[in-house]
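K.L.:
Here is a sequence with its predicted model. Questions after.
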Amino acid sequence: MTTTPAITPFNATPLEGRTVLVTGGAQGIGRGIAQAVLGAGGNVFIGDLDVEAGNACIEEWNAGKRAGFTTLDVSRETSIKRWTAAALKHFGHIDGLVNNAGIANPHAAPLSELALEDWNRYLATNLTGPFLCSKHALPHLRERQGAIVNIASTRALQSEPDSEAYAATKGGLLAFTHALAISAGPEVRSNVILPGWIATDAWRKPSERSAPKLSKRDHAQHPAGRVGTPEDIGALAVYLLSSQSSFVTGQHFVVDGGMTVKMQYE
């Protein structure tokens, strides 16, 4: 007679002993993810263009050797190489990569007026950046049976006018994610999170930090009853980076309080 499988307890610190790199990790969603990693027992190494914001994170976290920061420009391969090397020097290994850095503004000029330079700037940061970071982290992730989490946007699935460049990069990131899952598996898993409306005002550097100005209507239009926070994205990122999601790869996860499934006639 086959016995019933035993109850497996959940690990309260699912990332203990594991090191995660987070691009754009000094503010907003990136900071939320970095703090979630620390809260889950992991080590975090953030990269960001904003030195003030990065240094503020290290000071405010007060996590000792469990957290590190160096400047990073994800559109430049030399910068990514230096950042990856600095993380390895600091921690000795890499278990996870979160490609979060990107141009946050989805609105550009109308397509007929959009300069090629601006189009290429979106591509370089939002799509080429994750490619380069994944390229240089992948050999180290293979050694540790690691995971990659990309941060796209619900705008990969739906759009407003004059957002072609942004939408194209976020849609491209979805395809890049499932292709990488096939190429890098089974050693390395790859998944992507699509955030919706996430209020990041309170997650900026101290000199720009403020309480979010949100109305009752802003919250009420979400089926979940509220606008999202960086902690919502961080919680899912921790799961996707941990061994608890070892059977999950090549997938996209919409985190938008239900907005993309809500029928709207306004």
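P.N.:
Sure thing, it's come through.
K.L.:
for the stretch 151-266 of the chain, what spans make up the helices?
P.N.:
For the stretch 151-266 of the chain, the helices defined by DSSP state H, counting those that start in this stretch cover 164-184, 216-220, 230-241.
K.L.:
hey, which of these is tucked in deepest?
P.N.:
Of all the helices of the stretch 151-266 of the chain, helix 230-241 carries the top mean neighbour count, a mean of 23, counting by mean count of other C-beta atoms under 10 Å. For every residue, glycine as well, the C-beta is placed using N, CA and C.
K.L.:
Can you get me a residue count around residue 110?
P.N.:
As a burial measure, residue 110 scores 9 neighbours (other C-beta atoms under 10 Å).
K.L.:
For residue 101, see how far away it is.
P.N.:
For residue 110, the distance to residue 101 equals 26 Å [C-beta to C-beta, to the nearest Å].
K.L.:
What of residue 89?
P.N.:
21 Å.
K.L.:
Any stretches of the stretch 1-150 of the chain with poor pLDDT?
P.N.:
1-2 (pLDDT under 70).
K.L.:
so where do the strands sit in it?
P.N.:
19-23, 43-48, 67-71, 96-99, 147-151 (DSSP state E, counting those that start in this stretch).
K.L.:
what helices or strands is the first one leaning on?
P.N.:
Think strand 19-23. Secondary-structure packing of strand 19-23 (3 or more C-beta pairs under 8 Å, 6 or more residues apart in numbering; DSSP states H and E): helix 28-39, strand 43-48, helix 77-91, strand 96-99, helix 129-144.
K.L.:
in the sheet, who's paired with residue 21?
P.N.:
Residue 21 forms beta bridges with residue 45, residue 97, as assigned by DSSP bridges.
K.L.:
Compare the helices of the stretch 151-266 of the chain and give me the one nearest residue 80.
P.N.:
For residue 80, the closest of these is helix 164-184, at 15.7 Å, according to C-beta to C-beta.
K.L.:
Which strands and helices lie in contact with that closest one?
P.N.:
Against helix 164-184 (3+ C-beta pairs under 8 Å, 6+ apart) you get helix 116-123, helix 129-144, strand 147-151, strand 189-195, strand 252-255.
K.L.:
What is the burial count for residue 17?
P.N.:
10.
K.L.:
got the contact list for it?
P.N.:
41, 42 (C-beta atoms under 8 Å, 6 or more residues apart in numbering).
K.L.:
hmm, 10 Å instead?
P.N.:
Neighbouring residues of residue 17 by C-beta atoms under 10 Å, 6 or more residues apart in numbering: 41, 42, 43, 93, 95.
K.L.:
ok, now residue 60?
P.N.:
31, 35, 205, 206 are the contacts of residue 60 under C-beta under 10 Å, 6+ apart.
K.L.:
What of residue 233?
P.N.:
So residue 233 contacts 28-30, 32-33, 36, 98, 100, 149, 151, 193-196, 198, 253, 255 (C-beta under 10 Å, 6+ apart).
K.L.:
Check residue 48 too.
P.N.:
22-27, 30-31, 34, 54-55, 57, 69-74, 83, 100-101, 205.
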